[in-house]
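> Please work out how this folds:
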Amino acid sequence: MTTHVFIVDDNTFKYHLEYMFAGTGAKEKSVDFNNSSTTKLYSGRKHAGEYSLVGMMADGCRVRKDDLIIFYLIEKQNAREGMFFGVFQAAEDGIFLDNFDENQFLYKELKKSLTFRLKIKPYQVYQQGVTEWEALDEIKNICSPYQMLWSLIYRKLKGNRGNTMITTYESKRLISLIRQKNKNQTLNFCDYTFDGRNIIKGEKHKEYTGRTEEINILPRLLAKATRKQAFEVHLQMYITQNIGRGINESLDKALNAEKNIEWIGNEVSCGVGLQRIDVMISKTINENQKIVMPIELKAVAASFDNTRQLGRYIEWIKQYYVPNSPESDIQPVLICVKRKKLSDDLKNEFKRFNQESNVLPLKYIEYEILENNLFFKIVDYQK
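Reported below is the predicted structural model:
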């Protein structure tokens, strides 16, 4: 179960609570490539507008039903610092699309466009929030750097991502801080709102009646792949949306992820630089063992540089993730476009990487387009 932190402000938060939904958006941009192979978004940096939207879609598509939702209320200048409120749950898998136009639900009330949305439900709702200082800066109970909430710290350093996943350890710590702030007292109302300081009881029930268009990136992904255009962010979104759901059996089989995924992340920051893991999942093997898989995605064939990238991810996971989840083994994964033949030199590079990494062997997966879908298959490079 992954925990996702959604960004809200003083105006939008009350509507999220009253109508029980979370969402992100990119100002007043509209998505014209959903369930479509074409787009007219090209301007300026050509594909940048499309990539930004697909990135937000990937963030939302990692959400699974019953995942935990925490809201981060951004600071109010000279009045209040940023605060974390919770806890809610996702009511269903993934996000839906409510495109920007005159019919976007609650646009006038929100005073902004939230294009990608999901319905939520109460879980353990607390009246008071925890300040950003209490959550990220207070270190009196921190014994080691790896116990800090790095996912949220990286978010502050790298830009205000509207929907950030946090690790299982970080979730437990943040929720514990919220619980302690409220002396373990939850709110047990049917309806909620926000009074500017606290979550309170809503005056009346308000039904979410907006559009809920299903998201499908596959036609656009296939079109870009066929034209040999860059599509890594589309591939990332496709995987976060479908992994472990039985929708693409070849994907689940290749990652051995049919039913045992406990955590999904994408664009996982692993340092103060620009390094990010494309997709990372944690699988439960048994009550005493988990496997965490950093996944590098490529829209091209495998190359020697791929192992260098995976090596950096592994070192970060060893230092910052595994100490908080000591039952986790690491298995790196490389997913690339199918090659005609894997060269002996590349096979030897994978073997060298395995010997030096001191983790589970690299899983190398190739994919190709078959019958208007993606087909994934493990490649045995040990032969």
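
> going forward, measure contacts and count neighbours with C-alpha atoms only.
Noted.

> you'd agree residue 178 is up against residue 83?
No. The criterion here is C-alpha atoms under 8 Å, and residue 178 misses it with residue 83 at 10.1 Å.

> what about residue 219, which SS state?
helix (DSSP: H, G, I helix; E, B strand; the rest coil).

> Next secondary structure after the helix or strand bottoming out on mean pLDDT in the chain?
When the helices and strands of the chain are compared on mean pLDDT, DSSP states H and E, helix 150-158 comes out lowest with a mean of 76. Downstream of helix 150-158, the next assigned helix or strand under DSSP states H and E is strand 163-166.

> list the helices and strands that next one packs on?
strand 3-8, helix 48-61, helix 150-158 (3 or more C-alpha pairs under 8 Å, 6 or more residues apart in numbering; DSSP states H and E).

> and the residue nearest to residue 2 when sequence neighbours are not counted, what element?
Spatial nearest neighbour of residue 2, chain neighbours left out: residue 263 (4.9 Å); criterion: C-alpha to C-alpha, 6 or more residues apart in numbering. Using DSSP H and E, residue 263 maps to strand 261-269.

> And that strand, what does it pack against?
helix 150-158, helix 232-242, strand 276-286.

> who's in contact with it?
1-2, 58-59, 62, 151, 154, 165, 167-168, 236, 240, 244, 275-284 (C-alpha atoms under 8 Å, 6 or more residues apart in numbering).

> Can I get it as CSV, trimmed to CA atoms?
Output in CSV follows, covering the C-alpha atoms of strand 261-269 (Å, rounded to 0.1, in the frame of the first residue of the first chain):
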residue,chain,number,x,y,z
ILE,A,261,3.1,-5.6,-5.0
GLU,A,262,3.0,-3.6,-1.8
TRP,A,263,4.4,-0.3,-3.0
ILE,A,264,4.7,1.5,-6.4
GLY,A,265,6.8,4.6,-7.1
ASN,A,266,7.8,6.5,-10.2
GLU,A,267,10.3,9.2,-10.8
VAL,A,268,11.8,8.2,-7.4
SER,A,269,14.4,10.8,-6.4
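
> show me where the stretch 201-350 of the chain has helices.
Applying DSSP state H, counting those that start in this stretch to the stretch 201-350 of the chain gives helices spanning 218-226, 232-242, 249-254, 305-316, 344-357.

> Compare the ones you listed and report which one is nearest to residue 299.
helix 232-242 (5.4 Å; C-alpha to C-alpha).

> low pLDDT regions in this protein?
Within the chain, the stretches with pLDDT under 70 are 42-48, 157-160, 272-274.

> What residues are recorded as beta-bridge partners of residue 277?
Residues in a beta bridge with residue 277, per DSSP bridges, are residue 268.

> same question, residue 164
Going by DSSP bridges, residue 164 forms beta bridges with residue 5.

> So what's the residue count around it?
Residues within reach of residue 164, counting by other C-alpha atoms under 10 Å, total 21.

> first to last residue in stretch 332-345, what's the distance?
Stretch 332-345 has an end-to-end distance of 19 Å (criterion: C-alpha to C-alpha, to the nearest Å).

> Surely residue 153 and residue 136 touch.
Yes. Between residue 153 and residue 136 there is a contact under C-alpha under 8 Å: 6.9 Å.

> sorry, back to before: for residue 178 and residue 83, list the residues in contact with both.
129, 130.

> In terms of packing, which of those two has more residues around it?
Taking other C-alpha under 10 Å, residue 178 and residue 83 do not tie; residue 178 has more neighbours (25 against 20).

> element containing the more buried one?
Using DSSP H and E, residue 178 falls in helix 168-181.

> buried ones in that helix?
Within helix 168-181, the residues that qualify as buried are 168, 170, 171, 173, 174, 175, 177, 178, 179, 181, counting by 16 or more other C-alpha atoms under 10 Å.

> Equivalent analysis for stretch 333-347, please.
333, 334, 335, 336, 337, 338, 347.

> quick revisit: how near is the residue nearest to residue 2 to residue 80?
Counting by C-alpha to C-alpha - residue 263 and residue 80 are separated by 33 Å.
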